[in-house]
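**Q** Structure for this input, please:
(3 chains)
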Amino acid sequence: MMGKINYDKKSADSIYNFAKQLTGRSLAEVVQIPENAGNARSRGNLGSLIEKYFFEHVPPNIHLPDFEEAKLELKTTGLVKDSKGNFKAKERLVLTMINYNSLAKESWESSTLLNKCRLMLILFYFYQKDRPVIDFKFPIEPMLYQMPEEDLHIIKRDWETIRQKVREGRAHELSEGDTFYLGACRKGSGGEDETLQEQPFSTIKAKTRAFSFKQTYLNTLIAGHKNVAGLISRELSISIEEATKQKLNPYFGKTLNEIADDISYEGLRYQAKSLKHDLLVRILSNGKSSVPELDKAGIEMKTITLNKSGKPKEHMSFPSFKFLEIVNEKWSDSSFCEKLEKKFLLVIFQLGRDNQERLVQARYWNMPYEDRNEAQKVWEDTKRRVALDARNLPKASENSIAHVRPKARNSHDKILTPQGDYHVKQCFWLNKDYLFKVISAVA
DNA sequence: GCATGATCATGC
DNA sequence: GCATGATCATGC
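**A** Model (predicted):
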C-alpha cells in the first residue's frame, strides 16, 4: 500500500495526477479494501469501488459530473487484448442514461450529456475473466478526455440525430447505426422482463437506452491515433458524409482502370474479390490500409456492383457464423444484429455496355427498424433450423430481405454441426432484390 | 436468368 | 491459418 497523497477535489489536474497512482497496479495493491466489502470485492462494480476506496469520494446526483467542482466525470472501463496483443476496449463506454422526455426539450449546449461528460477522467483496467475486480490491473495511464474539436461536431450531430428521432415519436426505433461516434445503446436486462420507457411524442414504449461512445470510437482513443490527419479537415469541420463525398468526387464516372491509374495503384492484376473495397480504402485514407474515421464510427463500407440493367449483381455477405454458437445465442447479442444496427457506406459501381465497371454513387445508409425486425425472423428461423438440420437453412427465395448461404474458402472448409457432422461454413446475406430497393429509394 | 453452391486473394 | 469482402460457376 502506498503513502496517501492528497488531492484537490476542485482541480481536474490534481485528480488526474492522483489517479496516476493506479497505473501498473490494481485497486487492492493501492488501498486496503475491507474484508466486509463482501461480494463487491470480487464481482462488484469496479468504478464504485474506486470512488469509495481510492478517491474516498461520494458523487452528487447522476446528472452532474462526479467531481462537480472540477466539472470532471470519472469513468472506469475495461480493456482486453486483441489477437496481436494490443489493448482494445472491452465494450462501449456508457456516458449517461437517456431520459426521452427531457432530451426532447434540451439544447446541445445545456444538455445533460455535455454538462456531465464535457471533461472525463477515464481509467482503463485490464479485464480478466473469473478474477476479483479489485485485482484487475490498470496497465495504461489514465486519460483526461475532452472532446477534441474535430470529433466534437460529429458527436454533437449524433446527439441531435438521437434527439430528432425522439421528437418524431420514434424513440423505439433508435439504433446504434443512426449515428457515428455517439450511440444510443441499449441498457438494462433486454430480456422478456425488460422495463420499457415512456417517450413524449408516441404512446409506444421504447427500450431503455444510454448515451455511449461506440466501442470503435473508444478503440481509436486507446490506440492514440485520434489525431491522425485523415479524411476530415479540422479547419472545415465538415461532416463525415461530406468528407467522403469530397474524397470520392474526382472518381465518379471513372472506370476501375482509370481510378487505379489516378492513384497509381498497381494491383489491378490482382484477382481478390475485395478489389473494389481495397481500392476505396486507399482513396479514402490517402493510400493507407484503413480509414480511421470509418473505423472510429464503426461504419461498414460495402460495395455494390450493378449489372447493365441497373440491378445488383450479387447478394451482400456478412461474416460466417458457427453452428454450435448460434443455437445458444440471443438475437440481440448476435453479430448479425450488431452488424445490421451499424451505419453503412454503400459505394455503387455500374457495369457499362463496354463491360467496364464505373463508380457511380456513394451513400450512407442504415437499416430501417422494420427491416431489422424482418432480418431477425430469418435469424431466429436459422437458429431453430440449425438445431434440427444444419443443412436445411433459409434460402433466398424464402424471405425478401435475408438468407443463409455458404461462405467458405472452398467446399472443404467445414465446421461442426449440432448433428455431430461437418458442414461447410455459412453466413447471412442480404438479398440483392432488397439491396435494389434500398438503393432505389430516394436518399 | 436465377437460385444456390463454390470459391478468390489478401492481410493480419 | 483463417477471416474478410466479396465474385464466380453451375444446374435447373
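**Q** Let me see the backbone angles for the residue lying closest to A:Ile98 once chain neighbours are set aside.
**A** Leaving aside its chain neighbours, A:Ile98 sits nearest to A:Arg209 (4.9 Å; criterion: C-beta to C-beta, 6 or more residues apart in numbering). Every residue, glycine included, has its C-beta placed from N, CA and C. Dihedral angles of A:Arg209 (phi, psi; degrees, to the nearest 10) stand at phi -130, psi 160.
**Q** Let me know how buried A:Arg209 is, in neighbour terms.
**A** 24 (other C-beta atoms under 10 Å).
**Q** And for the one 5 residues further on?
**A** Counted with other C-beta under 10 Å, the burial measure for A:Lys214 works out to 23 neighbours.
**Q** roughly how far apart are it and DNA strand B?
**A** Distance, A:Lys214 to DNA strand B, by C-beta to the nearest atom of the strand, to the nearest Å: 20 Å.
**Q** Enumerate every residue touching that residue.
**A** Counting by C-beta atoms under 8 Å, 6 or more residues apart in numbering, A:Lys214 makes contact with A:Arg92, A:Glu176, A:Phe180, A:Tyr181, A:Leu182, A:Gly183, A:Lys296, A:Ala297, A:Gly298.
**Q** Which of those residues ranks first by neighbour count?
**A** A:Gly183 leads these on contacts (other C-beta under 10 Å) with 30 neighbours.
**Q** So which residues on the stretch 251-400 of chain A come close to DNA strand B?
**A** A:Gly267, A:Tyr270, A:Gln271, A:Ala272, A:Lys273, A:Ser274, A:Ser289, A:Ser290, A:His315, A:Lys395, A:Ala396, A:Ser397 (C-beta under 7 Å from any atom of the strand).
**Q** Repeat the analysis, applying 10 Å as the threshold.
**A** Applying C-beta under 10 Å from any atom of the strand, we find that the stretch 251-400 of chain A lies next to DNA strand B at A:267, A:269-275, A:278, A:281, A:288-290, A:307-309, A:311, A:313-315, A:317, A:320, A:391-399.
**Q** What part of chain A, helix or strand, is modelled with the least confidence?
**A** Least confident helix or strand of chain A, by mean pLDDT, DSSP states H and E, is helix A:39-43 with a mean of 64.
**Q** after it comes which helix or strand?
**A** Once the chain leaves helix A:39-43, the next helix or strand it forms, by DSSP states H and E, is helix A:46-49.
**Q** How about the helix or strand hosting A:Ser320 and DNA strand C, any contact?
**A** If you go by DSSP H and E, A:Ser320 is part of strand A:316-321. Yes. Interface with DNA strand C: strand A:316-321 contributes A:Met316, A:Ser317, A:Phe318, A:Pro319, A:Ser320, A:Phe321 (C-beta under 10 Å from any atom of the strand).
**Q** Stretch A:271-284 now?
**A** Yes. Using C-beta under 10 Å from any atom of the strand, stretch A:271-284 reaches DNA strand C at A:Gln271, A:Ala272, A:Lys273, A:Ser274, A:Leu275, A:Lys276, A:His277, A:Asp278, A:Leu280, A:Val281.
**Q** Select only the buried ones of those residues in ChimeraX?
**A** Selection of buried members from the residues of stretch A:271-284 next to DNA strand C for ChimeraX, criterion 16 or more other C-beta atoms under 10 Å:
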select /A:275,276,280,281
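**Q** Just the residues of stretch A:271-284 next to DNA strand C: which are in helices?
**A** Per DSSP state H, helices hold the following members of these: A:Leu275, A:Lys276, A:His277, A:Asp278, A:Leu280, A:Val281.
**Q** which residues does the last one contact?
**A** Residues in contact with A:Val281, defined by C-beta under 8 Å, 6+ apart, are A:Lys288, A:Ser289, A:Ser290, A:Val291, A:Met301.
**Q** In contact with the third one, which residues?
**A** Contact criterion C-beta under 8 Å, 6+ apart gives A:Val281 as the residues in contact with A:Ser290.
**Q** distance of A:Met367 from DNA strand C?
**A** Counting by C-beta to the nearest atom of the strand, the gap from A:Met367 to DNA strand C is 15 Å.
**Q** Are we agreed that that residue is in a strand?
**A** No. Counting by DSSP: H, G, I helix; E, B strand; the rest coil, A:Met367 is not found in a strand; it is coil.
**Q** Check what pLDDT it gets.
**A** pLDDT recorded at A:Met367 is 93.
**Q** A:Gln426 against A:Lys395, yeah?
**A** No. Using C-beta atoms under 8 Å, A:Gln426 is not in contact with A:Lys395, being 11.5 Å away.
**Q** quick one, which of these two is more surrounded?
**A** Neighbours per residue (other C-beta under 10 Å) separate A:Gln426 from A:Lys395, with A:Gln426 holding more: 22 against 10.
**Q** Setting the sequence-adjacent residues aside, check what's closest to the more buried one.
**A** A:Val404 (5.3 Å).
**Q** do A:Met97 as well
**A** That would be A:Ala210: by C-beta to C-beta, 6+ apart, it lies 4.9 Å from A:Met97.
**Q** Can you tell me the SS state at that neighbour?
**A** strand.
**Q** and which of the contacts of A:Lys214 is nearest A:Thr23?
**A** Comparing the contacts of A:Lys214 against A:Thr23 with C-beta to C-beta places A:Arg92 closest, at 23.3 Å.
**Q** From start to finish, how long is stretch A:309-322 in a straight line?
**A** One end of stretch A:309-322 sits 36 Å from the other (C-alpha to C-alpha, to the nearest Å).
**Q** Which positions within it qualify as buried?
**A** A:Pro312, A:His315, A:Met316, A:Phe318, A:Ser320, A:Phe321.
**Q** wait, what's in contact with the fourth one?
**A** Taking C-beta under 8 Å, 6+ apart, we find A:Phe318 in contact with A:Ser335, A:Phe336, A:Lys339, A:Cys427, A:Phe428, A:Trp429, A:Leu430.
**Q** now do the second one
**A** For A:His315, the contact set (C-beta under 8 Å, 6+ apart) comprises A:Ala396, A:His403, A:Arg405, A:Trp429, A:Leu430, A:Asn431, A:Lys432, A:Leu435.
**Q** which stretches of the stretch 51-200 of chain A have low pLDDT?
**A** Filtered on pLDDT under 70, the stretch 51-200 of chain A yields the residue ranges A:83-84, A:189-193.
**Q** what's the answer for the stretch 301-443 of chain A, then?
**A** In the stretch 301-443 of chain A (pLDDT under 70), the answer is A:442-443.
**Q** Which stretches in it count as strands?
**A** A:316-321, A:344-351, A:357-365, A:402-406, A:414-416, A:422-424, A:426-430 (DSSP state E, counting those that start in this stretch).
**Q** Need the max-distance pair from the contacts of A:His315.
**A** Greatest spatial distance among those (C-beta to C-beta): A:Arg405 and A:Leu435, at 14.7 Å.
**Q** More neighbours: which of those two?
**A** Between A:Arg405 and A:Leu435, counted using other C-beta under 10 Å, the more crowded position is A:Leu435 (23 against 15).
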